[in-house]
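Undergrad: starting from these lines, generate the structure:
(chains A and B)
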Amino acid sequence: NAGVTQTPKFQVLKTGQSMTLQCAQDMNHEYMSWYRQDPGMGLRLIHYSVGAGITDQGEVPNGYNVSRSTTEDFPLRLLSAAPSQTSVYFCASSYRTGTGKKLFFGSGTQLSVL
Amino acid sequence: QRVTQPEKLLSVFKGAPVELKCNYSYSGSPELFWYVQYSRQRLQLLLRHISRESIKGFTADLNKGETSFHLKKPFAQEEDSAMYYCAFPPGGTSYGKLTFGQGTILTVHP
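TA: Okay, here's the model as predicted:
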């Protein structure tokens, strides 16, 4: 199993550009989530999903959209990038039951918005 | 409801004891975790208090009186150098999401 796969690993955008960060998992996990990692701020939840077709906002959702059409994929869209969105983005997945509070993380996407 | 990690940076020498602090503000019975991110590796679960386990020589005890969940290791190794996060499921139910502390970068010097 590849686990949680994120693409791209690095991205540079200009202010106002849009892009989609891809996240896919092959573990048949029901839960998926997106975090951003900023120095001194830790990881903050952007959006999460408890299953296909169901998403909800996290702590810092503004400027980001998500959708979950399949169990495997959970893309994060930046509609109009801003310098404040410069960060490292992590996607995570977990089971609904049992060890559902153990998150499996992707390797991250380092995004710079100029 | 939140967790606080008061130290952004922590440096120790190899063989010295290490303690990474985590304080929580939570009503009810918290379930707490430590996650670790080694250089060039993915963030991963280190241990969870409910398991009362020792992983890579680390232990963490939930102290309800002091509302703390400090991570401890009696003899630090260079390979312990990493970013450490304390975390908990907000509202008690995860739904695949956790609230993380600010993180502590541990550096173990030879």
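Undergrad: going by C-alpha atoms from here, please, whenever you check contacts or count neighbours.
TA: Noted.
Undergrad: sketch out the low-pLDDT regions of the chain for me.
TA: Let's take chain A. Applying pLDDT under 70 to chain A flags the ranges A:97-100.
Undergrad: that's the wrong chain, I meant chain B
TA: The model of chain B has pLDDT under 70 over residues B:92-94.
Undergrad: flag every residue of it that's near chain A.
TA: Listed as neighbours of chain A in chain B under the rule CA under 8 Å from any CA of the partner chain: B:8, B:41-45, B:85, B:89, B:94-103.
Undergrad: give the buried subset of those as a ChimeraX selection command.
TA: Filtering these down to the buried ones (16 or more other CA atoms under 10 Å in any protein chain shown) takes a single ChimeraX command:
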select /B:8,43,44,45,85,89,94,95,96,97,98,99,100,101,102,103
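Undergrad: what bridges to the residue of chain A found nearest chain B?
TA: Using CA to the nearest CA, residue A:42 is the residue of chain A that sits closest to chain B, at 3.8 Å. Taking DSSP bridges as the rule, residue A:42 bridges to residue A:38.
Undergrad: wait, what's in contact with it?
TA: B:85, B:100-103 (CA atoms under 8 Å, 6 or more residues apart in numbering or on different chains).
Undergrad: distance of it from residue B:101?
TA: 6 Å (CA to CA, to the nearest Å).
Undergrad: okay, and the common contacts of the two?
TA: residue B:85.
Undergrad: tell me which residue is most central in chain A.
TA: Per CA atoms, centre = their mean, the C-alpha nearest to the average position across chain A is that of residue A:34, at 2.9 Å.
Undergrad: which element is that residue on?
TA: For residue A:34, the element it lies in under DSSP states H and E is strand A:31-38.
Undergrad: buried residues in that strand?
TA: For strand A:31-38, a neighbour-count test (16+ other CA under 10 Å) marks A:31-37 as buried.
Undergrad: same question for stretch B:12-20.
TA: For stretch B:12-20, by 16+ other CA under 10 Å, it's B:12, B:14, B:18-20.
Undergrad: any chance of CSV for those, columns secondary structure?
TA: Output for those, formatted as CSV (DSSP: H, G, I helix; E, B strand; the rest coil):
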residue, secondary structure
B:12, strand
B:14, coil
B:18, strand
B:19, strand
B:20, strand
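Undergrad: wait, which of those residues is closest to chain A?
TA: Distances from chain A to the buried residues of stretch B:12-20, taken by CA to the nearest CA, are shortest for residue B:20, at 14.9 Å.
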